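# just a sequence and a predicted model for now, questions to come.
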Amino acid sequence: MNPPQTHSKVIGYFLWIFGFLGAHRFYFGRPITGTIWFFTLGLVGIGWIIDLFLIPGMERSAARRYAKGPIDYSVAWLFQTFIGPLGIHRFYMGKIWTGLLWLCTGGLVGIGWLYDFWTLNGQIDQRNAGG
């Protein structure tokens with residue numbers, strides 16, 4: 001039996017377009033390689049092209065790792081990736097105070113936004129598990 005899907009292959013491929021910055025790797029819960037992709041432009045484009053074929057496996061791995069629940073990973077990640085410094089992803093998760101903080105400070109001048117790239121899946125997982 002397959003675990004319930006938490007991450008979307010379609011969103012993964014959409015973020016792959018920006019994959020030379022590691023967006024799809026962060027989305028599927030791979031912050032270390034996401035950071036490497038960010039600093040090396042997707043391993044100088046080679047890793048980025050290879051990831052085109054690895055995304056289905058990354059999706060299955062994320063489904064085994066993270067809890068499905070009321071907060072949709074894909075929606076939160078789209079907010080985080082494209083308008084993260086505004087804190088909309090934090091409002092979406094019910095984190096009103098930090099959402100306001102992100103909104104007023106540009107995601108704490110970008111540092112909190114980068115922090116969320118590393119931790120967003122865990123934050124959502126915790127909320128979905130009732131924490």
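Here it is on my side, so go on.
# ok, the closest residue to residue 90 other than its chain neighbours - contacts?
Nearest residue to residue 90, sequence neighbours excluded (Cβ to Cβ, 6 or more residues apart in numbering): residue 99, at 3.7 Å. Placement of C-beta: from N, CA and C, glycine included. Applying Cβ atoms under 8 Å, 6 or more residues apart in numbering to residue 99 gives the contacts 87, 88, 90, 91.
# give me the three-state assignment for residue 99.
Put simply, residue 99 is helix when judged by DSSP: H, G, I helix; E, B strand; the rest coil.
# what pLDDT does it get?
Predicted confidence (pLDDT) for residue 99: 98.
# for it, give its distance to residue 65.
Distance, residue 99 to residue 65, using Cβ to Cβ, to the nearest Å: 25 Å.
# what is the burial count for residue 129?
Around residue 129 there are 11 other residues, counting by other Cβ atoms under 10 Å.
# residues touching the closest residue to it other than its chain neighbours, list them.
Nearest residue to residue 129 in three dimensions, chain neighbours excluded: residue 67, at 4.8 Å (Cβ to Cβ, 6+ apart). By Cβ under 8 Å, 6+ apart, the residues touching residue 67 are 6, 125, 128, 129.
# residues touching the first one, list them.
If you count contacts by Cβ under 8 Å, 6+ apart, residue 6 has them with 62, 63, 66, 67, 68, 73.
# and residue 22, its phi and psi?
Phi and psi for residue 22, reported as degrees, to the nearest 10, are phi 90, psi 10.
# that one contacts residue 32, doesn't it?
No: Residue 22 lies out of contact with residue 32 (Cβ atoms under 8 Å); the separation is 9.8 Å.
# who has more neighbours out of the two?
residue 22 (27 against 10).
# okay, that one: pLDDT?
93.
# so who does it touch?
Listed by Cβ under 8 Å, 6+ apart, the contact partners of residue 22 are 33, 34, 35, 36, 37, 38, 42.
# quick check, nearest of the residues you listed to residue 57?
Nearest to residue 57 out of those is residue 33 (Cβ to Cβ; 13.1 Å).
# is it true that that closest one touches residue 24?
No: here residue 33 lies out of contact with residue 24, judged by Cβ under 8 Å, at a distance of 10.2 Å.
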